[in-house]
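> here is a sequence with its predicted model. Questions after.
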Amino acid sequence: MKRFSYAGIINLAIFSLFFSQNLLAQKTKLISFLDGDKYGFVTPDKKIVIPCKYTRALPFENGFARVRTEAGYGFINTAGKEVVPCQYESAMLFEQGIACVEHHNGKYGFTDTTGKMVVPCIYDEAFSLINGMARVKKNNKWGFIDKTGKEVFPPQYDEAKEFYSAMATVRKGQKWAVISNSGNEITPFQYDNGYIFYSEGLANAQRDGKYGYLDSSGKEVVPCTYAGTLLFKNGLGQFKKDSKCGFMDRSGKELAPPQYYLIGDPVEGLIKASKESYGRTSGYLDMTGKEVIPFEFDFVTDFENGLAIVRKIATISIIDKTGKEMVATGFDWADAFHEGLAVVRQGDFTKGKKGFIDRTGKLVVPCQYDDAKKFLNGLAFVVRNDNWGMVDKTGKEITPCTYFVIGGFEEGLARVKKNGKWGYIDEKGKEVIPCKYDDTGEFKDGIALVERDYQEFYIDKKGVEYRK
């Protein structure tokens, strides 16, 4: 029978312990943990996996975490191994396997997940990869590199915007051009600014003070002859000519002539529009540019599920898609329907109170609020005496108007501020994490960064603090 030495057994035990801890770290979520003035990582039940020896430790993303020592920033993996040495002034997240890092001398480069420098720190400024390309700056000129570190566009431009899908804009002198991620300049340097964004395969662009549209090859398919253009939506592009608005199709054919003061976006096949800035000059167009609901209203809203709100003289009414008045509401002002309810106001602009009506015109939330916002996911923000709260669709005030600030919901929780302190409420309006923090961040992957008594640390959705 084969014999094992005590040393072999001990080594095997050590290996097994290391392997099991490594496997645990890979399978278990690790959370940044503060002990005194040093950070490490623990499991959700606060078992230390990576010792607290860092002056900063940011959350793991894609298996790597940015950490900082007195020597600088680096990266560790879930086993606690320092895969990128802590020697950089700053470090950005890994994108497509490389991360932008800043040397203490102020130069930027890129490292891979093993710590190997893909691009040495030779750039004066650099950013993370976006859509496969990273902006870099050298000798006051901008260029782009790919994930291999290749200079697809060597630094030669006076300014460069980020890649939006497969396109980006760059400037030489006073003029801009469009480049593609294939390494080509697809337009001449002839455009006035770099705000050339594509939507539905076309981009609005300005040349010599006039606007038109480019296709994905850089061809000016609608010549730059208009006073303004907007991005295409649902196959239609708005334009302005001689201070009046119209809209065209993708071929450049003008469907609605330039005779409108304002035109909205297509909603449910109809487009709200106004011929003047005041008076009874508002109505609706169809997608061909035909006026299908007469332009006889003071103002109109977008349709939702076949109904819209309009005002004619002093009457606020609900109409259907034929323009038929379904009901007169009796309110002084109203907004569009959202989730079946619309904000209304009784009284004038300065002293009036707001509430909500349903699709029949019935008041379901009393007009008792100084302000009210549209419903979203069954809840609406309301204001009374400069403090925010929330109501549901029955009019129940599920969150009392006691908060100075209520933020948007992220992962089911929203930041709130009361008496100078921050906390969180859930989607039922309940304050689930008390307002006791000096500052708070939004939740991401179940944790949020908070500050209290000049210490920054993380909490989970139950309010568990990851600090000693």
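Happy to help now that I have it.

> can you confirm residue 337 is in a helix?
No. According to DSSP: H, G, I helix; E, B strand; the rest coil, residue 337 belongs to no helix; its state is strand.

> surely it meets residue 319?
No. Judged on C-beta atoms under 8 Å, residue 337 makes no contact with residue 319 at a distance of 11.4 Å. Quick note: C-beta positions are derived from backbone N, CA and C, even for glycine.

> okay, residue 108: pLDDT?
Turning to residue 108, the model gives it a pLDDT of 98.

> again with residue 23
On pLDDT, residue 23 comes in at 46.

> picking that back up, of residue 337 and residue 319, which one has the most company?
Legend: neighbour count by other C-beta atoms under 10 Å for residue 337 and residue 319, higher for residue 337 (25 against 22).

> against residue 326, how distant is the more buried one?
12 Å (C-beta to C-beta, to the nearest Å).

> common neighbours of those two, please.
Common neighbours of residue 337 and residue 326 are listed as residue 307 (criterion: C-beta atoms under 8 Å, 6 or more residues apart in numbering).

> what number of residues lie near the spatially closest residue to residue 36 that is not a sequence neighbour?
Nearest non-adjacent residue to residue 36, counting by C-beta to C-beta, 6 or more residues apart in numbering: residue 468, 7.0 Å away. Neighbour count of residue 468, defined by other C-beta under 10 Å: 13.

> what's residue 468 in contact with, if anything?
For residue 468, the contacting residues are 33-36, by C-beta under 8 Å, 6+ apart.

> now render the residues you listed as JSON lines, adding pLDDT and neighbour count.
Listed next are those as JSON lines, based on pLDDT from 0 to 100; neighbours: other C-beta atoms under 10 Å:
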{"residue": "33", "pLDDT": "98", "neighbour count": "25"}
{"residue": "34", "pLDDT": "98", "neighbour count": "19"}
{"residue": "35", "pLDDT": "98", "neighbour count": "16"}
{"residue": "36", "pLDDT": "97", "neighbour count": "9"}
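
> residue 106: which of those is nearest?
residue 34 (29.8 Å; C-beta to C-beta).

> what helix or strand does residue 316 sit in?
strand 315-319 (DSSP states H and E).

> I'd say residue 159 and residue 143 touch.
No. Between residue 159 and residue 143 there is no contact under C-beta under 8 Å: 11.4 Å.

> between these two, who's got more neighbours?
Neighbours were counted for residue 159 and for residue 143 using other C-beta under 10 Å; residue 143 has more, 20 against 14.

> helices or strands up against the strand or helix carrying that one?
Applying DSSP H and E as the criterion places residue 143 in strand 141-145. Applying 3 or more C-beta pairs under 8 Å, 6 or more residues apart in numbering; DSSP states H and E, one finds that strand 141-145 makes contact with strand 134-138, strand 151-157, strand 159-160.

> list the contacts for the closest residue in space to residue 51 that isn't next to it in sequence?
Excluding the flanking residues, the one nearest residue 51 by C-beta to C-beta, 6+ apart is residue 40, at 5.0 Å. By C-beta under 8 Å, 6+ apart, the contact list for residue 40 reads 32-33, 48-54, 57.

> buried set for stretch 155-173?
By 16 or more other C-beta atoms under 10 Å, the buried positions in stretch 155-173 come out as 155, 157, 160-161, 163, 167-171.

> could you do stretch 131-151 as well?
By 16+ other C-beta under 10 Å, the buried positions in stretch 131-151 come out as 133-138, 141-147, 149.

> most widely separated two among those residues?
141 and 147 (21.4 Å).

> re the thing from before, I'd like the contacts of residue 40 as JSON lines, with distance to residue 178 appended.
Below are the contacts of residue 40 laid out as JSON lines (distance: C-beta to C-beta, whole Å):
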{"residue": "32", "distance to residue 178": "42"}
{"residue": "33", "distance to residue 178": "48"}
{"residue": "48", "distance to residue 178": "52"}
{"residue": "49", "distance to residue 178": "48"}
{"residue": "50", "distance to residue 178": "46"}
{"residue": "51", "distance to residue 178": "51"}
{"residue": "52", "distance to residue 178": "50"}
{"residue": "53", "distance to residue 178": "49"}
{"residue": "54", "distance to residue 178": "44"}
{"residue": "57", "distance to residue 178": "41"}
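
> show me those residues that map onto helices.
Under the assignment DSSP state H, the contacts of residue 40 contribute nothing to helices.

> would you mind listing which of those residues are buried?
Looking at the contacts of residue 40 with 16+ other C-beta under 10 Å, the buried ones turn out to be 32-33, 49-50, 52, 54, 57.

> need those residues in CSV (columns: distance to residue 303).
Compiled in CSV, those are given as follows (distance: C-beta to C-beta, whole Å):
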residue, distance to residue 303
32, 48
33, 52
49, 55
50, 55
52, 58
54, 55
57, 51
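
> picking that back up, which one of the buried residues of stretch 131-151 sits closest to residue 224?
The nearest member of these to residue 224, counting by C-beta to C-beta, is residue 142 at 24.9 Å.

> and the pLDDT at the closest one?
Confidence at residue 142, expressed as pLDDT, is 98.

> surely it meets residue 161?
No. Assessed by C-beta under 8 Å, residue 142 is found out of contact with residue 161, at 9.5 Å.

> overlap in contacts, the two.
Common contacts of residue 142 and residue 161 (C-beta under 8 Å, 6+ apart): residue 170.

> need the phi and psi values for residue 344.
Per-residue torsions, residue 344: phi -130, psi 160 (degrees, to the nearest 10).

> give me the neighbour count for it.
25.

> what about the strands in the stretch 1-150 of the chain?
31-35, 38-42, 48-54, 56-57, 64-69, 72-77, 82-88, 90-95, 98-102, 108-112, 117-123, 125-126, 134-138, 141-145 (DSSP state E, counting those that start in this stretch).

> wait, which of those strands is closest to residue 299?
Counting by C-beta to C-beta, residue 299 lies closest to strand 134-138 out of the strands of the stretch 1-150 of the chain; the figure is 43.9 Å.

> list the contacts of residue 355.
Contact analysis of residue 355 by C-beta under 8 Å, 6+ apart lists 343-344, 346, 363-369, 372, 395.

> let me know the closest of those residues to residue 116.
The nearest member of those to residue 116, counting by C-beta to C-beta, is residue 372 at 56.3 Å.

> pLDDT score assigned to that closest one?
As predicted, residue 372 sits at a pLDDT of 98.

> tell me the SS of the nearest residue to it once chain neighbours are set aside?
Distance criterion C-beta to C-beta, 6+ apart; nearest residue to residue 372, sequence neighbours excluded, is residue 354 at 4.2 Å. At residue 354 the chain is in strand, as set by three-state DSSP.

> wait, residue 354 sits on residue 366?
No. Judged on C-beta under 8 Å, residue 354 makes no contact with residue 366 at a distance of 9.6 Å.

> of these two, who's got more company?
Neighbours were tallied for residue 354 and for residue 366 using other C-beta under 10 Å; the higher tally belongs to residue 354 (24 against 13).

> many thanks, have a good one.
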